[in-house]
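# kindly generate the corresponding structure for this input.
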Amino acid sequence: MKQGLVIIDVQNDYFPQGKFTLVDTERVLNNILTIQKYFTENGLPIFYIQHIKLDPNATFFAKGSHGAEIHPDLLASSNQYKQIIQKSYPNSFFQTDLQQKLQQQNIKQLVICGMMSHMCIDSTTRCASELGYQPILIDDACTTRDIEFNGELIPAKTVHNSFMSALMNFASVMSCKKFIQIS
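Sure thing, here's the model as predicted:
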């Protein structure tokens with residue numbers, strides 16, 4: 001079964017000195033780079049999803065900004081099968097040509113990683129499942145941030161773990177190390 005890697009929103013604004021910093025981004029980036037290396041070495045396609053905010057008053061991911069650029073470490077490696085797909089909504093399939101590109105390359109299974117666990121990872125993983133891509137979600141290659149609900153601060157680790165546990169109904173959720181071992 002031909003796999004494709006979908007790396008979601010690993011953009012400068014989510015890293016330290018960015019406009020919307022997430023938790024533990026360097027560790028997560030290292031795990032993403034490990035998965036990316038596997039796909040590159042095996043000649044498998046990689047799809048980089050880049051969130052661009054269309055609102056001219058956007059506080060982060062503003063069109064044309066440094067913060068909206070994909071983290072340079074990801075694009076440093078060469079892979080003839082890599083593609084950048086821009087989106088404006090959490091679901092990487094919604095109003096993009098991702099589905100079409102996957103079909104053109106006969107991709108049957110998606111490996112998903114990136115940022116933010118409770119938004120774009122969640123939305124894209126659920127949609128990938130509904131479209132029949134039998135997703136594999138790499139939990140330690142995803143991250144999020146603290147969020148507030150009803151006046152209570154919910155730590156990023158709790159947010160992340162809650163979403164990963166819920167997504168087990170839509171994907172095989174595993175660590176980077178386990179994915180590399182079984183692939």
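# can you map out the helices along this structure?
25-41, 72-76, 98-104, 122-130, 156-167, 176-182 (DSSP state H).
# what residues of the second one count as buried?
Read it as helix 72-76. Leu74 (16 or more other Cβ atoms under 10 Å). Every C-beta, even on glycine, is put in place using the N, C-alpha and C of the backbone.
# related to what we said a few turns ago, could the helices of the chain go into a markdown table alongside mean pLDDT?
As requested, the helices of the chain are exported to a markdown table (pLDDT from 0 to 100):
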| stretch | mean pLDDT |
| --- | --- |
| helix 25-41 | 96 |
| helix 72-76 | 91 |
| helix 98-104 | 97 |
| helix 122-130 | 98 |
| helix 156-167 | 98 |
| helix 176-182 | 95 |
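# could you dump those helices into TSV with distance to Leu5 added?
Shown next, in TSV, are those (distance: least, Cβ to Cβ, whole Å):
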stretch	distance to Leu5
helix 25-41	5
helix 72-76	11
helix 98-104	11
helix 122-130	12
helix 156-167	17
helix 176-182	10
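# wait, Thr34 sits on Cys176?
Yes - using Cβ atoms under 8 Å, Thr34 makes contact with Cys176 at a distance of 5.4 Å.
# the more surrounded of those two?
More neighbours surround Cys176 than the other of Thr34 and Cys176, with 20 against 17 (other Cβ atoms under 10 Å).
# which ones are touching the more buried one?
Contact partners of Cys176, counting by Cβ atoms under 8 Å, 6 or more residues apart in numbering, are Asn31, Thr34, Ile35, Ile138, Asp140, Ala141.
# so which of the helices of the chain is the most packed in?
helix 122-130 (a mean of 20; mean count of other Cβ atoms under 10 Å).
# got the CA positions of it in CSV?
Provided in CSV are the C-alpha atoms of helix 122-130 (Å, rounded to 0.1, in the frame of the first residue of the first chain):
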residue,chain,number,x,y,z
ASP,A,122,-7.6,16.7,14.4
SER,A,123,-9.5,18.0,11.4
THR,A,124,-7.2,16.6,8.8
THR,A,125,-6.9,13.2,10.4
ARG,A,126,-10.7,12.8,10.7
CYS,A,127,-11.2,13.8,7.1
ALA,A,128,-8.4,11.4,5.9
SER,A,129,-10.2,8.6,7.7
GLU,A,130,-13.5,9.5,6.2
